[in-house]
Each structure stands twice: as C-alpha cells, then as structure tokens.
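Student: Here's a sequence, model it:
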Amino acid sequence: MNIDIQTEHVAMQPEWRHMIDTWVERCRRYHPEVVCLDLNLRHGDTCRQGDEVDVVALAGGRNVRAVRHAEGMAAALHEALDTLEHELLVREAVERRP
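Tutor: Residues are numbered from 1 along each chain as shown. Modelled structure (predicted):
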C-alpha cells in the first residue's frame, strides 16, 4: 500500500503516526483492496473550523474520502480514520449485493 502523508502548518507528532500506522495495519488485514492512502493534516490557523484531516483511499479503482474538523489534530485524525473505515465497509457491502 502506498501511503502519502502531508502536513500544513503542523509538525507530525509520534502519537499521530502511531494512530495512522495502527489503522494501516488493520486496513491491510480487512481491506486488502486498498492500494493507496493519502492523508493531509492542516493546522487550524489555515482552517476556520479547527484542525482538519482529509484522507483518501484508493480501493477497487475508486476513491473513498473522509474529511473531519476538530479542536485538536488527534481528534480530527481519529474521526477521519473512523469515517474512512465506515465508508470502506459501506462500499464493500454495496459491491457484494446480488
């Protein structure tokens, strides 16, 4: 899986990297069709709604995206990855329907 992480006006923190690594490992087990993951972390100074995480996964030839805002980057990252997981599950369920 190709992983691209970009940060804007924020330094990557070890706990965020750990959260991302844990999610990627789980994703490899349960969503092997995900071939690419792009994360953009933006600090609240550039975004009026607080810190922002924009995450896009390429799965089965389609992009699955989640964007979340929160008062802290850890919360935004957690919510974005949870939302992406949900979107991947929905996509898989729809594709499996007879």
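
Student: longest helix anywhere in the chain?
Tutor: Longest helix in the chain, counting residues (DSSP state H): helix 73-96.

Student: Quickly note the distance from the spatially closest residue to Arg62 that is not a sequence neighbour to Asp38.
Tutor: Closest residue to Arg62 apart from its sequence neighbours, by Cβ to Cβ, 6 or more residues apart in numbering: Arg91 at 7.0 Å. The C-beta positions use only the backbone N, C-alpha and C, and glycine is treated the same way. The spacing between Arg91 and Asp38, counted by Cβ to Cβ, to the nearest Å, is 17 Å.

Student: can you give me the helices in this structure?
Tutor: Under DSSP H, the chain gives helices at 14-30, 73-96.

Student: The last one vs helix 14-30, what angle?
Tutor: Yep, that's helix 73-96 we're talking about. Angle of helix 73-96 versus helix 14-30, following axes from the mean of the first three to the mean of the last three Cα atoms, to 10 degrees, is 10 degrees.

Student: pLDDT weak spots in this protein?
Tutor: In the prediction, the chain carries residues with pLDDT under 70 at positions 45-48.

Student: Go again with 90.
Tutor: 1, 8-10, 43-50, 60-62, 71, 91-98 (pLDDT under 90).

Student: Give the full set of residues in contact with Ala75.
Tutor: The contact partners of Ala75, taken as Cβ atoms under 8 Å, 6 or more residues apart in numbering, are Asp51.

Student: Mind doing that once more with 10 Å?
Tutor: With contacts defined as Cβ atoms under 10 Å, 6 or more residues apart in numbering, Ala75 is in contact with 50-51, 53, 68-69.
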